[in-house]
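Novice: Build me a model:
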Amino acid sequence: MACDRCVQLSSEVEKLTTQNKKIVQLLNVLNASKKHKEQLIEHTLDYIKSKDEDYKKEKIKIKELAIKVKNTTKESVLRNVPKQIDECSALYINKTAEIQNYIRATEIARAAKQELETKSLELEGNKMYVKQLIAKVDELEHNKRTLTESLASTKLLVTKALMRNKKIELEMRMLNDAHSYHNRVETGVKKALRRLESSDPNSTKSCMRILNNLVHFFEKEPLFVKC
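Specialist: Residues are numbered from 1 along each chain as shown. All right, here's what the predicted structure looks like:
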């Protein structure tokens, strides 16, 4: 169970790491987009500023032209009015078009600024999400280390328990051997006593042979075997 949990945690950490890399790539793209939008807004504002200055200059020229027309003689006015009216009309048409372009450029700049603010908010949200993911990965790494340490401790306890079981098995084997030896001695002694108490003239020799066999058995095989 502990090993399965380790594999599960490792898999989840790998998934989160892959997702974190994708989010970092997205943040890089968003940062590049933000810089591009900022440059576009700056260029648009510079363009608007230059056109506004041109418009002011043309406005001054129109005023100067109007003053010039006003100060000319009546004949000059009558002679030049049609031409000046045409010039003023053409200038008015051109300036009207420039004003419309200025208005459209202002709207585009305003929309770009609003989009940039929206992207900035999204970027901040993604940064917060990435921080949460990093915190979660750190937590998973900590849990993995804790689980690994717990698993190592459990393995050590299992090893000690197995060693104790082996020692107990050895002691049980030794007790069984001692019990078997005791039964063999008791049986041999009883058999020797029966031979000794019998009326057989060779009972003493038979009794000694049985006892010698017991002594030979214990000399040949030790009572307890050490590991």
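Novice: C-alpha from now on. contacts and neighbour counts both.
Specialist: OK.
Novice: With adjacent residues omitted, what lies nearest to V13?
Specialist: V137 (6.2 Å; C-alpha to C-alpha, 6 or more residues apart in numbering).
Novice: For K167, see how far away the one you found is.
Specialist: Distance of V137 to K167, computed by C-alpha to C-alpha, to the nearest Å: 45 Å.
Novice: which residues touch the residue nearest to V13?
Specialist: By C-alpha atoms under 8 Å, 6 or more residues apart in numbering, the contact list for V137 reads 13, 16-17.
Novice: Quickly list the domain ranges of the protein.
Specialist: 2-167, 171-220 (automatic domain parsing).
Novice: Could you dump those domains into TSV and include mean pLDDT?
Specialist: Formatted as TSV, these follow (pLDDT from 0 to 100):
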stretch	mean pLDDT
domain 2-167	76
domain 171-220	75
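Novice: Is C6 in contact with L147, as I believe?
Specialist: Yes: between C6 and L147 there is a contact under C-alpha atoms under 8 Å: 7.3 Å.
Novice: quick one: what helix or strand has A161 in it?
Specialist: Element membership of A161 [criterion: DSSP states H and E] is helix 74-197.
Novice: got the buried residues for the helix or strand following that helix?
Specialist: Using DSSP H and E, the helix or strand that follows helix 74-197 in sequence is helix 203-220. Buried residues in helix 203-220, counted by 16 or more other C-alpha atoms under 10 Å: 203, 206-207, 210-211, 214.
Novice: Can you name every helix or strand that helix 203-220 contacts?
Specialist: helix 74-197 (3 or more C-alpha pairs under 8 Å, 6 or more residues apart in numbering; DSSP states H and E).
Novice: ok, so what distance separates E64 from I99?
Specialist: From E64 to I99 the distance is 21 Å (C-alpha to C-alpha).
Novice: now swap in S50 and tell me
Specialist: Here the criterion is C-alpha to C-alpha. By it, S50 lies 13 Å from I99.
Novice: okay, now A192: neighbour count?
Specialist: For A192, the neighbour count with other C-alpha atoms under 10 Å is 21.
Novice: What are the neighbouring residues in contact with the residue nearest to it when sequence neighbours are not counted?
Specialist: Nearest residue to A192, sequence neighbours excluded (C-alpha to C-alpha, 6+ apart): C207, at 4.4 Å. Taking C-alpha under 8 Å, 6+ apart, we find C207 in contact with 191-193, 195-196.
Novice: Among those residues, which one lies nearest to V29?
Specialist: Proximity of these to V29 (C-alpha to C-alpha) peaks at K191, which lies at 100.8 Å.
Novice: Cheers, nothing more for now.
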